[in-house]
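Novice: Predicted coordinates and the sequence they were generated for:
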Amino acid sequence: MPRIDKPLLAHLLRRAGFGATFRELDRYSELGYEATVDELLHPERQPAIEEDVLERYYIDWKESRNIEGALTESVYRMNAYAGGRPLQEKIALFWHQVFATGLAKVLHEKTMLNQIDLFREQGLGNFRDLLLGLAKDPAMIFWLDNNFNHKDAPNENWGRELLELFSMGVGMDGQENYTEEDVQSAARAFTGWTIDDDNVASIPFGKTPWLFRYLPEDHDEDDKTFMGETGNFNGEDIIDIVVRQPAAARFISRHLYNFFVADEPQVPAWQHTPPGDPEAIKILEEEYFRSNYDIRSMLKVLFNSDFFKSDRARFAKVKSPAEVVVGTLHLLGDFKFPKRGIYDVALGCRYMGQDLLNPPSVEGWHTGEEWIDSGSLVERVNFVADQVSDIQQPGVKAIVDTLLDGTLELDPISVIDGCLELLGHVRLHEKNKNHLAGEVRSMLEKRSGLVAGSPEDRQATENTVLHTMKMIGSSREYQFA
Amino acid sequence: MTTKIEQPLSQKRLYRYHDVIGLLSAAGPGFSGPVSVITGPVDELYVANRASPKQPEAVRITRCTKEGDFLEHFGEWGEEPGQFIWVTSIAFSPQGELYLADESSNQISVFNANNSFVRRFGEPGSGPSQFDRPSGMAFGPGGNLYVVDTLNHRIQILTTEGDFVSQWGSLGAGDGQLNMPWGIAIDNAGGVYIADWRNDRVQKFDADGKFMMSFGSSGDGEGQFNRPNGIAVDNDGDIYVCDWLNDRVQVFDQAGSFKDVLIGHSGMSKWGRTFLDANPDIEQKLELATQNIEMKQRFYRPVSVHIDAAGKVFVADCYRHRVQIYQKL
């Protein structure tokens, strides 16, 4: 049996999910790396969460009457699925970042959450089908004004962003990917794609979800020329042409690489800034066409690639706020059953700079080092440090019990290495590790007056472990995935 | 929804849609996630609003007439005496005191006829007079309080002061066992009906908890349930069950045989009419949403059902923030 590389599995689960507990890593290591990748790529084979119980206790979520409720529901679901279907939630987060739509304008929480459900259900499927679903998604239609895109008065907002931000990008290799005429033609092709109701009032009896509606009488039936092809195109034809473009392959490959492998420059720079790893992008582009635009196939190649597994890729990405919050909750084993308090925890994402369901613009959030500023860093450190040292949390207790199983005779390095491993094979730079070892040594030495193995000895050792975990959670290194 | 609807009949024509009371509101005339509806000592409606933790001011009890005239609201969000957070049900004792179950604090609060807080009892746990998320409550013919202790999968009988009398139930799917029970109703003979939520069935016990019968199974056909919660029994012995995730209320005879189903036929409420008259632009947009009109009339997660002496059936239509009313024919 091949040697199981648990640090590699931990890397996979940080990227394809929100990290894994040490017990989950035990299970995945039994499974093996490639089988784990397969399991992650097929979330539908894993049990669904108990929706009835969720709705039983959080009765306001189904209708989601405020943005905080919608944000909290998203975080709760990510956490609830972090152990069983992590990639389902991660890919939904990915598309929410790419197809950034926001409640600041949409103002209809349930309709926004329906869009996220679209990403959950189709996010690992065919890119062409996903784009078509997006074009019919009521939140997106309202967000980019396609309900104001009429045969006699085209509105180019959706048509432009479809090309610029959702499928091809402005350009690549120094060239432009499309023309202004292409934008105008795309917009005309989507005339008549609208929603049933643009009412956002919750009074008198609460909101009902918006529904897609096609109005043939408002559709432009004249010929259009798009990307060098001419015909009486409808929206579906535009998407069919778009997904065939090399630019679409490049665009989606760079996005997947940026989200799952290593931070790339922000999207607006892609026309003139080549990929950090051109060979990796080429491999993904080839799989895009080979698989007929299948995202699951592309991710299978990505997760099994050398560029993903390489040491260079590990801890090379700054965690997003959602990754920090959900990853911590999952590690703790908290909120696996509905209880109060989830709202305040979930809002941590907002305080760290990622107001889920409400991105700052249609460009989404700027990622990588741009996640970090002095304010958000303090929020991150405090959030993690407060939680990972709370012995009441089942995940923390499991780590402490495992580390202290059988012996309290631990030296500083074994305490630190044990915590690093059980927290998910985290790495500390040597300098920081040595500094922490000094603190741990000092704490362990204070036990010298205690009877070895006594409850007081156990308590003092436990406190040392908890302090070590807190310091690791506060470290710079912990902010990287 | 905003056009006048003829008073339609239920599927088996045993009930006629009568009226609707409601409007989404965090205060005053209106409800916010109503989870329990009952009639008070002087034949007025009391509606418990669960609302949202991010809108604590909307957590309250609303008192109104059966004709939809607002009288007052009282109670507030919090953990202090007289406050509550996750209200699940309200019930009136024979002495006219209002009992309120809070599954956040695992306590039951008591209010007097002036709606002033009197006392509370209960604490977290699984021992006598302890609760793990209490939900439905009802008073038996002897005056004792029956409490559905949901996550302890049991029913507790307590005195009106909260002292333990007896209990029954354990987690399981066998006769007499329960899985996250929710609603409770007691008939005139002392028969106790439990909405056995996660077992998708109703079980009937005698007043001491001896199993008598059960009916229902998982599904959406006649007599089947998808997480039944609110339950009531009328003077004829007919049993009403909120079939929560099927968005309907089913009616059974006293033997547990299916009789009829209510699906919701809401028109516009008095409070809603007042609002729309002041906001004609919103009414115009509501009427444009043609694909949604039927959806807006139907029940959306009915949680609680109550029948008064005149045969009026009140259904707390939780996600539509209203109480739909039917008349038994």
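Specialist: Done, it's in.
Novice: near chain A, which residues of the stretch 201-329 of chain B?
Specialist: Contact residues, the stretch 201-329 of chain B versus chain A (CB under 8 Å from any CB of the partner chain): B:227, B:245, B:266, B:268-269, B:271-272, B:275-276, B:279, B:282, B:285-286, B:288-292, B:295-296, B:300-301, B:303, B:318-322. Placement of C-beta: from N, CA and C, glycine included.
Novice: Can you say which of those residues are buried?
Specialist: Among those, those that count as buried by neighbour count (16 or more other CB atoms under 10 Å in any protein chain shown) are B:227, B:245, B:266, B:268-269, B:271-272, B:275-276, B:282, B:286, B:289, B:292, B:295-296, B:300-301, B:303, B:318-322.
Novice: after the helix or strand bottoming out on mean pLDDT in chain B, next one along is what?
Specialist: Every helix and strand in chain B was compared by mean pLDDT, DSSP states H and E; the lowest is helix B:280-288, with a mean of 80. Downstream of helix B:280-288, the next assigned helix or strand under DSSP states H and E is helix B:293-297.
Novice: name the helices or strands packed onto whichever helix or strand comes after that next one?
Specialist: Per DSSP H and E, helix B:293-297 leads on to strand B:302-307 as the next helix or strand towards the C-terminus. If contacts are counted by 3 or more CB pairs under 8 Å, 6 or more residues apart in numbering or on different chains; DSSP states H and E, strand B:302-307 sits against strand B:34-39, strand B:228-233, strand B:239-243, strand B:248-252, strand B:312-317.
Novice: Next, format the ones you listed as a markdown table and append mean pLDDT.
Specialist: Converted to a markdown table, the helices and strands packed on strand B:302-307 look like this (pLDDT from 0 to 100):
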| stretch | mean pLDDT |
| --- | --- |
| strand B:34-39 | 98 |
| strand B:228-233 | 98 |
| strand B:239-243 | 98 |
| strand B:248-252 | 98 |
| strand B:312-317 | 98 |
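Novice: want to throw the ones you listed into a markdown table with mean neighbour count?
Specialist: Putting the helices and strands packed on strand B:302-307 into a markdown table (neighbours: other CB atoms under 10 Å in any protein chain shown) gives the following:
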| stretch | mean neighbour count |
| --- | --- |
| strand B:34-39 | 24 |
| strand B:228-233 | 26 |
| strand B:239-243 | 27 |
| strand B:248-252 | 24 |
| strand B:312-317 | 26 |
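Novice: now those in TSV, with distance to residue A:49?
Specialist: Output for these, formatted as TSV (distance: least, CB to CB, whole Å):
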stretch	distance to residue A:49
strand B:34-39	23
strand B:228-233	20
strand B:239-243	22
strand B:248-252	25
strand B:312-317	26
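Novice: ok, and the closest non-adjacent residue to residue A:211?
Specialist: residue A:196 (4.4 Å; CB to CB, 6 or more residues apart in numbering or on different chains).
Novice: neighbours around the one you found, how many?
Specialist: Residue A:196 has 18 neighbours, counted by other CB atoms under 10 Å in any protein chain shown.
Novice: so what pLDDT did it get?
Specialist: The model reports residue A:196 with a pLDDT of 82.
Novice: Residue B:321 contacts residue B:24, doesn't it?
Specialist: Yes. Residue B:321 is within contact range of residue B:24, at 4.1 Å (criterion: CB atoms under 8 Å).
Novice: list residues touching both of these two?
Specialist: A:204-206, B:30-32 (CB atoms under 8 Å, 6 or more residues apart in numbering or on different chains).
Novice: Low-confidence regions, chain A specifically.
Specialist: A:1-3, A:64-65, A:197-200, A:408 (pLDDT under 70).
Novice: Which residues are in contact with residue 295?
Specialist: Since you didn't name a chain, this refers to chain A. Counting by CB under 8 Å, 6+ apart, residue A:295 touches A:91, A:123-127, A:130, A:252, A:256.
Novice: Chain B was what I was after
Specialist: Counting by CB under 8 Å, 6+ apart, residue B:295 has contacts residue A:208.
Novice: buried sites along the longest helix anywhere in chain A?
Specialist: Identified as the longest helix of chain A according to DSSP state H is helix A:455-473. The neighbour-count check on helix A:455-473 (16+ other CB under 10 Å) flags A:457, A:460-473 as buried.
Novice: How about stretch B:160-178?
Specialist: B:160, B:162, B:165, B:167-169, B:176-178.
Novice: Farthest pair within the residues you listed?
Specialist: B:160 and B:177 (27.9 Å; CB to CB).
Novice: returning to that earlier point: ok, which of the buried residues of stretch B:160-178 also contact chain A?
Specialist: Answer for the buried residues of stretch B:160-178 near chain A: none qualify (CB under 8 Å from any CB).
Novice: Let's see which of these end up in strands.
Specialist: Among the buried residues of stretch B:160-178, the residues falling in strands (DSSP state E) are B:165, B:167-168.
Novice: Present the residues you listed as TSV; the columns should include pLDDT.
Specialist: Converted to TSV, these look like this (pLDDT from 0 to 100):
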residue	pLDDT
B:165	98
B:167	98
B:168	98
